[in-house]
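Peer 1: Coordinates only, no sequence provided:
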């Protein structure tokens with residue numbers, strides 16, 4: 001049996017402040033619960049780190065949420081010149097213009113996935129794919145504040161979405 005679940009393991013949990021005994025939640029000495037940020041191997045009951053792919057004791061693989069078809073077939077490209085985008089390219093957009101009112105940050109930019117229609121001097125004209133279903137102008141100009149409205153025009157953050165098979169074919 002693992003030391004983590006033994007009686008001394010429970011005492012270590014108590015000393016570290018991981019287990020709290022309250023009137024609403026009485027824990028018995030045999031019930032040492034896993035600390036937050038840990039996972040237990042189902043085969044050997046060893047405590048492992050939260051991001052471990054395999055057990056450090058028996059090399060048993062942990063089960064993870066399966067990837068969607070889109071995650072399996074696409075790759076996000078971070079470093080590219082937005083002016084080199086062409087019609088039909090897919091992009092993922094976040095950030096952009098915002099307004100600050102009484103200390104509250106109010107985002108006003110676009111978010112989501114878009115298909116590029118064309119490029120102009122101030123940004124990208126695109127059609128929304130998911131949340132933004134209409135036509136959008138994605139601002140990519142320099143950062144300025146409109147004195148009349150108080151809106152900060154800040155360029156959006158964009159990632160280019162590319163199919164994995166086309167990336168491998170070009171390399």
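Peer 2: Cool, the structure landed. This is a predicted model, so every value here is computed, not measured. Numbers count the residues shown, from 1 in each chain.
Peer 1: for this structure, what spans make up the helices?
Peer 2: All helices of the chain, identified by DSSP state H, fall at 7-16, 69-73, 164-170.
Peer 1: Next up, the contacts around the residue nearest to residue 115 when sequence neighbours are not counted.
Peer 2: Once flanking residues are discounted, residue 115 sits nearest to residue 127: 5.0 Å by Cβ to Cβ, 6 or more residues apart in numbering. Quick note: C-beta positions are derived from backbone N, CA and C, even for glycine. Residue 127 is in contact with 114-115, 117, 134-136, counting by Cβ atoms under 8 Å, 6 or more residues apart in numbering.
Peer 1: Could you check how far residue 127 is from residue 120?
Peer 2: For residue 127, the distance to residue 120 under the criterion Cβ to Cβ, to the nearest Å works out to 15 Å.
Peer 1: ok, now residue 104?
Peer 2: For residue 104, the distance to residue 120 equals 31 Å [Cβ to Cβ].
Peer 1: which of these two has more neighbours?
Peer 2: Neighbour totals were compared for residue 104 and residue 120, and residue 120 leads with 10 against 7 (other Cβ atoms under 10 Å).
Peer 1: Mind listing the residues bridging to the residue lying closest to that one once chain neighbours are set aside?
Peer 2: Residue nearest to residue 120 in three dimensions, not counting chain neighbours: residue 137, with 8.0 Å by Cβ to Cβ, 6+ apart. Beta bridges link residue 137 to residue 125, judged by DSSP bridges.
Peer 1: Counting neighbours, what do you get for residue 137?
Peer 2: Here the count is done by other Cβ under 10 Å, and residue 137 has 13 residues near it.
Peer 1: can you pull the buried residues of stretch 78-93?
Peer 2: Across stretch 78-93, burial judged by 16 or more other Cβ atoms under 10 Å covers 82, 85, 89-93.
Peer 1: Tell me the one among those nearest to residue 154.
Peer 2: Distances from residue 154 to the buried residues of stretch 78-93, taken as Cβ to Cβ, are shortest for residue 93 (12.7 Å).
Peer 1: contacting residues for the closest one?
Peer 2: Residues counted as contacts of residue 93 (Cβ under 8 Å, 6+ apart) are 109-114, 126, 138, 156-158.
Peer 1: go on, residue 164?
Peer 2: Residue 164 sits next to 72-75 when contact means Cβ under 8 Å, 6+ apart.
Peer 1: Need the buried ones from these selected in ChimeraX.
Peer 2: Buried members of the contacts of residue 164, defined by 16+ other Cβ under 10 Å, are picked up in ChimeraX with:
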select :74
